[in-house]
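Chemist: compute the structure for the input listed below.
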Amino acid sequence: MTISTTKPARPTMSLHQLGVIAGLTAGVWLGAAEAPTKLVNIGLSPFSISLCMVAGVFTARWTFPTLLKGTSYVAADLAGKKHLIVWALLAGALWAVANTLTVYAIRDVGLAIAFPMWNANSLIGLLWGRVLFRELEGASGKVIARVLFGALAIVIAAIMLGFSSMHGGSSPTPHAIQGIIAAIGASFMWGTMYVPYRKAYLSGMNPLSFVTAFTVGELATVLILALTLGGGGHVILGELERSRGVLFWLFLGGFVWVVGDLFQQFAAKYLGIGRGIPLSNTNQLWGLAWGALVFGELTGADRSHMLLVLAGSAVMIVGAALISSAVATGKEQSSRNHAMLRECDRYGLDYQATLSAMAGDSSDHTGKRRWWDYAIVLVATGVFIYLGAQATFPALHMNVTWIVILSIILVLSLAAGCVSLWRTTRFS
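Modeler: The predicted model follows:
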């Protein structure tokens with residue numbers, strides 16, 4: 001079969017530009033999503049926090065695909081690529097473990113420190129992309145140099161930020177060490193999670209369909225973790241009952257995370273995991289903004305501590321920028337198409353149809369809306385209204401002005417990302 005490197009002409013922007021916009025939007029929303037996990041400091045266990053966030057994720061993940069495409073479209077897409085369902089479940093399980101580890105990391109070393117450390121997952125994703133999916137094969141020396149130097153910058157930044165959490169006159173505490181280990185573990189889990197992502201999109205699956213199956217794996221895994229390691233169902237239920245007033249904020253955190261992850265999925269589809277994931281990892285900048293500006297995590301930090309945090313964050317941003325700015329050439333795109341052909345041959349997929357789907361073909365029509373589509377949206381809305389009616393303002397010191405400013409940025413980025421995806425691919 002002939003390997004094609006052509007793709008349908010885009011009416012508004014190139015797929016690379018679209019991927020960049022999706023990745024940047026993902027960074028803004030993923031950065032905001034972890035802020036509610038600060039509630040771990042008021043007594044909730046990491047397992048209860050993770051369970052509540054995943055419940056919010058589960059609710060949102062079934063809502064957005066329903067709103068944008070309809071369940072008929074999603075069901076047909078999944079049915080046509082059944083082999084990817086198990087991969088989506090595996091990705092969800094990896095996410096659930098990683099998310100629980102991040103709660104431990106935030107509790108032990110703080111959001112501003114933990115966030116940039118686990119974003120080393122882009123380095124893991126880059127490795128898997130090269131080994132398994134032929135990313136960078138056929139790329140020019142300039143492109144390869146950008147990617148490799150960017151990866152090295154990410155590693156250096158992670159080391160700097162790790163030492164910054166130990167800075168001070170006293171020896172590092174066991175909790176700080178555990179927090180660093182948890183953040184690094186999360187980076188490995190999330191870096192490996194991107195393998196199913198790329199496998200799905202090389203098979204032509206729509207990101208909205210993939211995340212629908214993904215959420216089943218993450219919910220099941222976090223339930224198992226909570227029941228086996230969190231003290232059992234009675235302990236978790238007791239914590240949740242005593243903390244009704246904050247459940248809404250954790251559900252909201254999961255909801256915000258889903259928005260960011262959906263854009264990250266589109267970035268991974270159109271840029272590859274070696275480029276799209278580092279770009280979405282600009283969320284470390286926004287996580288630092290929420291941690292430092294809203295929660296005052298760096299208040300009272302000495303000069304050396306501040307320099308390490310700021311320098312480490314800057315180096316990581318430079319690394320991500322180098323990787324994401326390396327535009328794929330024709331030879332590299334041909335290598336990608338060879339990887340796509342391999343997936344098609346292995347699972348009996350139509351290569352031309354898969355190539356069109358990978359190129360953002362928007363000729364597929366949104367499925368007809370059914371009565372249960374509206375029911376799903378109503379139930380999800382009802383859950384948030386119910387929890388919101390019981391919500392109390394968290395007993396944490398927060399800067400309201402910065403909350404408003406960062407929230408406005410969230411809305412503006414969402415509008416830019418949605419308009420770009422709709423005009424170019426109709427969310428395909």
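
Chemist: doesn't Asn337 make contact with Gly138?
Modeler: No: using Cβ atoms under 8 Å, Gly138 is not in contact with Asn337, being 10.6 Å away. C-betas here are computed from N, CA, C, even on glycine.

Chemist: which one's more surrounded, the two?
Modeler: Asn337 (22 against 18; other Cβ atoms under 10 Å).

Chemist: relative to Val155, how far out is that one?
Modeler: Noted for Asn337: a distance of 31 Å to Val155, by Cβ to Cβ, to the nearest Å.

Chemist: for Gly179, same thing?
Modeler: From Gly179 to Val155 the distance is 19 Å (Cβ to Cβ).

Chemist: with Ser325 instead?
Modeler: Ser325 is 19 Å from Val155, by Cβ to Cβ.

Chemist: and stretch 304-313, which residues are buried?
Modeler: Residues His305, Leu308, Val309, Gly312, Ser313 are the ones in stretch 304-313 that count as buried (16 or more other Cβ atoms under 10 Å).

Chemist: would you turn those into a markdown table with distance to Gly348, secondary structure and pLDDT?
Modeler: What follows is the buried residues of stretch 304-313, written out as a markdown table (distance: Cβ to Cβ, whole Å; DSSP: H, G, I helix; E, B strand; the rest coil; pLDDT from 0 to 100):
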| residue | distance to Gly348 | secondary structure | pLDDT |
| --- | --- | --- | --- |
| His305 | 56 | helix | 76 |
| Leu308 | 53 | helix | 79 |
| Val309 | 51 | helix | 78 |
| Gly312 | 47 | helix | 80 |
| Ser313 | 46 | helix | 80 |
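
Chemist: can I get the residues you listed in TSV with distance to Arg130?
Modeler: Listed next are those as TSV, based on distance: Cβ to Cβ, whole Å:
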residue	distance to Arg130
His305	35
Leu308	30
Val309	30
Gly312	25
Ser313	26
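
Chemist: so where's the stretch 151-300 of the chain shaky on pLDDT?
Modeler: 158-159, 161-175 (pLDDT under 70).

Chemist: what about the residue positioned nearest the centre of the chain, helix or strand, and which?
Modeler: Most central in the chain under Cα atoms, centre = their mean is Asp261, positioned 3.9 Å from the mean C-alpha point. Element membership for Asp261, per DSSP states H and E: helix 244-271.

Chemist: now for that helix, which elements pack on it?
Modeler: helix 15-33, helix 46-68, helix 174-202, helix 207-229, helix 273-280, helix 371-390, helix 400-425 (3 or more Cβ pairs under 8 Å, 6 or more residues apart in numbering; DSSP states H and E).

Chemist: wait, what's in contact with Ala339?
Modeler: Phe133, Arg134, Leu202 (Cβ atoms under 8 Å, 6 or more residues apart in numbering).

Chemist: hmm, I typed the wrong one, I wanted Trp422.
Modeler: Residues near Trp422 by Cβ under 8 Å, 6+ apart: none.

Chemist: what's the distance between it and Leu18?
Modeler: 11 Å.

Chemist: which of the helices and strands packed on helix 244-271 sits closest to Leu349?
Modeler: helix 174-202 (9.6 Å; Cβ to Cβ).

Chemist: quick one, the closest one and helix 273-280 angle?
Modeler: With axes from the mean of the first three to the mean of the last three Cα atoms, to 10 degrees defining the directions, helix 174-202 sits at 130 degrees from helix 273-280.

Chemist: if we can go back for a sec, out of Gly179 and Val155, which sits in the more crowded spot?
Modeler: Taking other Cβ under 10 Å, Gly179 and Val155 do not tie; Gly179 has more neighbours (26 against 14).

Chemist: wait, that one touches Thr102, no?
Modeler: No: applying Cβ under 8 Å, one finds Gly179 not in contact with Thr102, separated by 9.9 Å.

Chemist: between the two, which contacts overlap?
Modeler: If you check Gly179 and Thr102 against Cβ under 8 Å, 6+ apart, the residues they both contact are Ala114.

Chemist: thinking again about what came up before, centre of the chain to the helix holding Asp261, how far?
Modeler: 7 Å (Cα atoms, centre = their mean, to the nearest Å).

Chemist: between that helix and helix 400-425, how many degrees?
Modeler: Using the same axes, to 10 degrees: helix 244-271 against helix 400-425 is 40 degrees.

Chemist: got the buried residues for helix 244-271?
Modeler: 246-271.
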